[in-house]
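In: Let's see this in three dimensions:
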Amino acid sequence: MTMSSSQPTSTDKLDEMIAEADTGKRAPKGHIAIAILFFVPLCWSLFQLWIGSPLPSQFGIGFLNDTQSRAIHLAFAVLLAFMAFPASSRSPLHRIPFLDYILAVTAAFCASYLFLFNDELATRPGLPTTMDITVAVIGLVLTLEAARRALGPPLMVVALVFLAYVFFGDSTWLPEVIRWKGASLGKAMTHMWLTTEGVFGIALGVSSGFVFLFVLFGALLNQAGAGNYFIQVAFALLGHMRGGPAKAAVLSSAMTGLISGSSIANVVTTGTFTIPLMKKVGFSAEKAGAVEVSSSVNGVIMPPVMGAVAFLMVEYVGIPYIDVVKHAFLPATISYIALLYIVHLEALKADMKGLPRSTPARRFKDQLLRTGLITASLFILTGALYYLVSAIKWLLGDVANIALLLLVVFGYIALLYVSSKSDDLDLESTQGEIVKLPIFADIYRSGLYYLVPLVLLVWFLMVERKSPGLSAFWACILMAFILFSQRPLKAFFRKQGGLLKEAKAGAMDLVDGLNTGARNMIGIGVATAAAGIIVGTVTLTGVGQVMAEFIELISGGVLIIMLLMVALISLVLGMGLPTTANYIVVSSLMASVVVELGAQSGLIVPLIAVHMFVFYFGIMADVTPPVGLASFAAAAVSGGDPIKTGFTAFFYSMRTALLPFLFIFNTDLLLIDVTWWQGIVVFVVSLSAMLIFAAATQGYFFAKSKWWESALLILVAFTLFRPGFWLDQVTPPFEHFQGSQMAHYIDQHPDLTSLRMSVQGESLEGRWIEKTINLPITQQGNASTRLYDGAGLEIRLEDNKVYIDNLAFGGVAEQQKLDFDWEITGFDIENQRSAKEWFFVPAFLLALWVARRQKKRLVK
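Out: Purely as a prediction, here's the structure:
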């Protein structure tokens, strides 16, 4: 096998890499500095738990509004950024310079200004004093410096470019198309710092309200040992297969994605164990690193916990968190299964073997039966749990919560008792030198109790429909209890004695978990604040509309070119910006533009699809050379070439890059407006399409593919993903009618519930708009009544043309950004035609024909 001449990086260097990227590279030796970096993160975690709990509202003590909590949240973030991250490579790492103390305290004061002077600022909105402006300027500068230290220069540079546009947007050296009147210092600082339109906007609110608690939950879960458990379980399940360590890396990264919101930390944590084993069974250093990168990066898109971006989508798109999870589930699952298949194909091409088993292999029928029994048992247990909780609520009424709390504690203790009968897992002692695989039957019991907080989190999110923040709060409280109690309870069940000593060790584990969770949030906190400057510029200057016109001009109004440009912008910005900041910037500038341009092209693109598109390509930036940080981390572990690792990882991740384009044009992939049985069909067909696409790009299906076989497989994959494309060539999807016929048509069709109409008119900004929209209509009354009751739209007929006469405030028509006196040029009615699914038949037959040809070659 191919090996790199370079050597893997030491464990200390890898830990330093994680610290530099996430928690802060500085490790002072002085007592005061150590105490600050210990107690400040601890206080931050306790503060976030307090404001995330229901206690302040119930007891009326310590209640903070959103602006106040965001201010304190940012104060902690910038304080720790100056303390934990050195100013440059020449800055001391083992002490905190006096200047950094001054900068940290000053930045924290400026950030908490909205909390300290909340009442005074409320009495003079829009009338800043000299003190207000001074604090805002200093705070803005120090926030950008904190972002530079924690995340590198790119985000700071992008924010400075936007700030320069705020002040110098009226300069004559700028193209006239992007000029604006400019803003005074007072107006700009008020907008950016003293309101919730800039730094203290939605992004920082999401960081404060939701993201921190989820990151903290992951840190506590990892501190309890769940990461080691997930990796061992993955190897026990998949390690014996062809290329087993690579498949185990994919599965373990999917599971540890629940714990780590950082792709770099995910790569290093699982990669130090999986990459040496992948190399052992035949993967080159670059391919082993690329597999780890692809699986670790995809961990961020795996529901139910998807990092900060999922919660930002809730706010920006305006849909519940459970809907975000629903829309993200299918693409993420398909992407992971496809990566497993790619690994399998690589193993087949190189005739790799798996790691040696510890027990004889079971027959396939026995394995299938065992898998079926386990799956059925899980479904039965899930159903039993649901009906048990429902019964307790029905029987006990107001005291049901106490009973349910006891049920959770009892379940945890019972599973911990079962786990105590197995030896604790020690991953670090193996260091990639597995001789025989762990036996699943021996190790799965050792961490069963880790499932309790995960089940609780998913239950609150999916079943109880609680807010993400409250769900994460209760999950964190349960994890805190587990961290504190697991050691003494295991010692008690094992009759080992030393309960007090174990209780102290558990308390220290809890403190370390709280500390680590807060330090993991430094980068996210300052990133969302700095990205708020960019969002504030968009809202203050209206540059978003200018960008829309510019992109529309460059793309020529062609949606696919627009999407390619958005993808390119995401990749380029993602080379320097973290995923969260990248998503905020690109979605703020481009999401509405894509929706509008799609409407002008006659394609109604849901806003969530565009946001998911931006999210996926923001993640891809962690892979893409030449600056893919996750690829560099993997290369440091494998000893391979980082650029080659990045290109290989990008090639493996092509399926992830393909999915966003597909769900723009086929929203079934996001489970939008599909029934449960349609969802099953979409999953099976889409998964088949993605596996066939992977086989085509890998050049190997059942044997090495000829070029025309790969081309046919790509055609099959395209047909399975977009069968409607071929149907549209046979029969147009809609029959078009003139706008003047609309009222008569609605009156003649009382069963009509929605109408797809084309409109045109001049916007308030003087732009000529032409687009297609869907509007709901009711089924009672005449056409005018049905349009107004359903969409809040009043029309008038004038010179045989239909115009918008009035819009109900808050109605669907107004939300679609229609305006008075716009003309309704026509409407479309869906044609009665054959089901697009009929095209699956020839596609699958063609795939079977290629498979049969390749199998014949294998026999020969």
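In: Contacts only, for residue 491.
Out: 497, 498, 499, 502 (C-beta atoms under 8 Å, 6 or more residues apart in numbering). (Glycine included, C-beta is placed from N, CA and C.)
In: Which members of those occur in helices, if any?
Out: Secondary structure assignment by DSSP state H places 499, 502 of the contacts of residue 491 in helices.
In: So among the contacts of residue 491, where is pLDDT lowest?
Out: Among those, residue 497 carries the lowest pLDDT, at 78.
In: Kindly tell me how buried that one is, as a neighbour count.
Out: 10 (other C-beta atoms under 10 Å).
In: Packing partners of the host helix or strand of residue 374?
Out: Assigned by DSSP states H and E, residue 374 belongs to helix 364-396. Applying 3 or more C-beta pairs under 8 Å, 6 or more residues apart in numbering; DSSP states H and E, we find helix 364-396 packed against helix 400-420.
In: now the helix it packs on: how far from the chain's centre is it?
Out: 31 Å (C-alpha atoms, centre = their mean, to the nearest Å).
In: same deal with stretch 721-732?
Out: Distance, centroid of stretch 721-732 to centroid of chain: 32 Å (C-alpha atoms, centre = their mean).
In: average pLDDT across the helix holding residue 374?
Out: Rounded mean pLDDT across helix 364-396 is 79.
In: again with stretch 209-224
Out: So the average pLDDT for stretch 209-224 ends up being 87.
In: Leaving out the residues flanking it, which one is nearest to residue 738?
Out: residue 826 (5.6 Å; C-beta to C-beta, 6 or more residues apart in numbering).
In: Same check on residue 539?
Out: residue 197 (5.3 Å).
In: So that neighbour, which state does it fall into?
Out: coil (DSSP: H, G, I helix; E, B strand; the rest coil).
In: in terms of contact, does it touch residue 536 like I think?
Out: Yes: contact criterion C-beta atoms under 8 Å: residue 197 and residue 536 qualify, at 5.3 Å.
In: Compare those two and say which one has the larger neighbour count.
Out: residue 536 (26 against 19).
In: mind listing what the more buried one touches?
Out: With contact taken as C-beta under 8 Å, 6+ apart, residue 536 is in contact with 191, 192, 197, 198, 199, 201.
In: Can you list phi and psi of the first one for me?
Out: Spelled out, it's residue 191. phi -70, psi -40 (degrees, to the nearest 10).
In: if I look at it, how far off is residue 184?
Out: Per C-beta to C-beta, to the nearest Å, residue 191 is found 11 Å from residue 184.
In: Those two - which one has more neighbours?
Out: Set side by side, residue 191 and residue 184 show more neighbours around residue 191, with 21 against 10, by other C-beta under 10 Å.
In: sorry, back to before: next, the residue nearest to residue 738: secondary structure please.
Out: The three-state label for residue 826, taken from three-state DSSP, comes out as strand.
In: what's the neighbour count on it?
Out: Neighbour number of residue 826 under other C-beta under 10 Å is 19.
In: what sits against it?
Out: Counted by C-beta under 8 Å, 6+ apart, residue 826 has contacts 736, 737, 738, 739, 757, 758.
In: Look at the nearest residue to residue 449 once chain neighbours are set aside and report its pLDDT.
Out: Using C-beta to C-beta, 6+ apart and skipping the chain neighbours, the partner closest in space to residue 449 is residue 415 (4.0 Å). pLDDT, residue 415: 92.
In: Also residue 264?
Out: Predicted confidence (pLDDT) for residue 264: 69.
In: A helix includes residue 68, no?
Out: Yes: under three-state DSSP, residue 68 sits within a helix.
In: Look up the pLDDT of it for me, please.
Out: For residue 68, pLDDT reads 93.
In: which ones are touching it?
Out: Contacts of residue 68 (C-beta under 8 Å, 6+ apart): 114, 115, 118.
In: got it, and residue 165?
Out: 537, 541, 543.
In: Could you do residue 96 as well?
Out: For residue 96, the contacting residues are 26, 28, 30, 33, 36, 83, by C-beta under 8 Å, 6+ apart.
In: And the strands in this structure?
Out: For the chain, applying DSSP state E gives strands covering 734-738, 754-762, 768-776, 793-798, 801-807, 823-830.
In: do you know how far residue 669 is from residue 329?
Out: 10 Å.
In: So for those two, which sits in the more crowded spot?
Out: More neighbours surround residue 669 than the other of residue 669 and residue 329, with 24 against 18 (other C-beta under 10 Å).
In: Tell me how this structure divides into domains.
Out: With domains defined by automatic domain parsing, the chain comprises 11-161, 734-830.
In: With distance to residue 481 added, can I get those in TSV?
Out: Formatted as TSV, the domains of the chain follow (distance: least, C-beta to C-beta, whole Å):
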stretch	distance to residue 481
domain 11-161	13
domain 734-830	45
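In: nearest to residue 654, of the ones you listed?
Out: domain 11-161 (25.2 Å; C-beta to C-beta).
In: ok now the closest one, how far from the chain's centre?
Out: Chain-centre distance of domain 11-161: 24 Å, with C-alpha atoms, centre = their mean.
In: repeat for stretch 313-320
Out: 13 Å.
In: Now for residue 532, how many residues are close by?
Out: Neighbours of residue 532 using other C-beta under 10 Å come to 30.
In: for residue 394, same thing?
Out: 9.
In: again, but for the one 3 residues further on
Out: A count of neighbours around residue 397, defined by other C-beta under 10 Å, yields 8.
In: Not counting residues beside it along the chain, what's closest to residue 67?
Out: Once flanking residues are discounted, residue 67 sits nearest to residue 114: 5.5 Å by C-beta to C-beta, 6+ apart.
In: related to what we said a few turns ago, specify which member of the contacts of residue 536 is nearest to residue 42.
Out: If you rank the contacts of residue 536 by distance to residue 42 using C-beta to C-beta, residue 199 comes first, at 25.3 Å.
In: my read: that closest one touches residue 75, true?
Out: No: taking contacts as C-beta under 8 Å, residue 199 lies outside contact range of residue 75: 12.0 Å.
In: Between the two, which has more neighbouring residues?
Out: When residue 199 and residue 75 are compared for neighbours, residue 199 comes out ahead with 30 against 26, by other C-beta under 10 Å.
In: Please tell me how far residue 410 sits from residue 417.
Out: Residue 410 is 11 Å from residue 417, by C-beta to C-beta.
In: Then residue 468?
Out: Distance, residue 468 to residue 417, using C-beta to C-beta: 32 Å.
In: Those two: who's more crowded?
Out: More crowded of residue 468 and residue 417, by other C-beta under 10 Å: residue 468, with 26 against 15.
In: Quick check: pLDDT value at the more buried one.
Out: The model's pLDDT for residue 468 equals 83.
In: Pull the contacting residues for it.
Out: Per C-beta under 8 Å, 6+ apart, neighbours of residue 468: 210, 214, 311, 314, 321, 461.
In: Next up, the contacts around residue 442.
Out: Residue 442 touches residue 422, counting by C-beta under 8 Å, 6+ apart.
In: Give the rounded mean pLDDT of stretch 649-660.
Out: 81.
In: Could you shift the numbering so residue one becomes 483, and keep it that way?
Out: Yes, from this point I'll number from 483; that puts the last item at stretch 1131-1142.
In: residues of it that come out buried?
Out: Neighbour-count burial for stretch 1131-1142 flags 1131, 1132, 1134, 1135, 1136, 1137, 1138, 1139, 1140, 1141, 1142 (criterion: 16 or more other C-beta atoms under 10 Å).
In: Kindly report the same for stretch 1212-1223.
Out: For stretch 1212-1223, using 16+ other C-beta under 10 Å, the buried residues are residue 1221.
In: who touches that stretch?
Out: Here stretch 1212-1223 makes contact (C-beta under 8 Å, 6+ apart) with 1206, 1209, 1227, 1238-1240, 1279, 1282-1284, 1305-1313, 1315-1316.
In: Buried only: go through these for me.
Out: Here, 16+ other C-beta under 10 Å leaves 1209, 1238, 1239, 1240, 1284, 1305, 1306, 1307, 1308, 1309, 1310 buried among these.
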